[in-house]
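Participant: sequence-free structure coming up:
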């Protein structure tokens, strides 16, 4: 699985692979990864807006 497939699955843009093992710890890890990706994107957007408004 490629990096873009993982990101699209974290952000609910693509269906999850039904063959992956199901564990609550893997679910927690995916939730934390989803949160970190979203916070990173928000920070990038904030930085771009600050640079454009100066």
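Facilitator: Looks like it came in fine. If you're wondering where the values come from, they're calculated on a predicted model, not measured in any experiment. Numbering: from 1, shown residues only.
Participant: For residue 21, give me phi and psi.
Facilitator: phi -70, psi 140 (degrees, to the nearest 10).
Participant: what's it in contact with, if anything?
Facilitator: Neighbour list for residue 21: empty [criterion: C-beta atoms under 8 Å, 6 or more residues apart in numbering]. (C-beta placed from N, C-alpha, C; glycine too.)
Participant: What pLDDT is listed against it?
Facilitator: Looking at residue 21, its pLDDT reads 71.
Participant: just the one 10 residues further on next, same as before
Facilitator: What the model reports for residue 31 is a pLDDT of 84.
Participant: got it, and residue 18?
Facilitator: So residue 18 comes in at 72 (pLDDT).
Participant: Lowest average confidence across helices and strands of the protein, where is it?
Facilitator: helix 3-10 (a mean of 74; mean pLDDT, DSSP states H and E).
Participant: Check the gap between residue 53 and residue 41 for me.
Facilitator: From residue 53 across to residue 41, the span is 19 Å (C-beta to C-beta, to the nearest Å).
Participant: So which of the two has more stuff around it?
Facilitator: residue 41 (11 against 6; other C-beta atoms under 10 Å).
Participant: Now do the same for that one: helix, strand or coil?
Facilitator: helix (DSSP: H, G, I helix; E, B strand; the rest coil).
Participant: Check residue 18 too.
Facilitator: coil.
Participant: Distance check, it against residue 32.
Facilitator: Distance from residue 18 to residue 32, by C-beta to C-beta: 22 Å.
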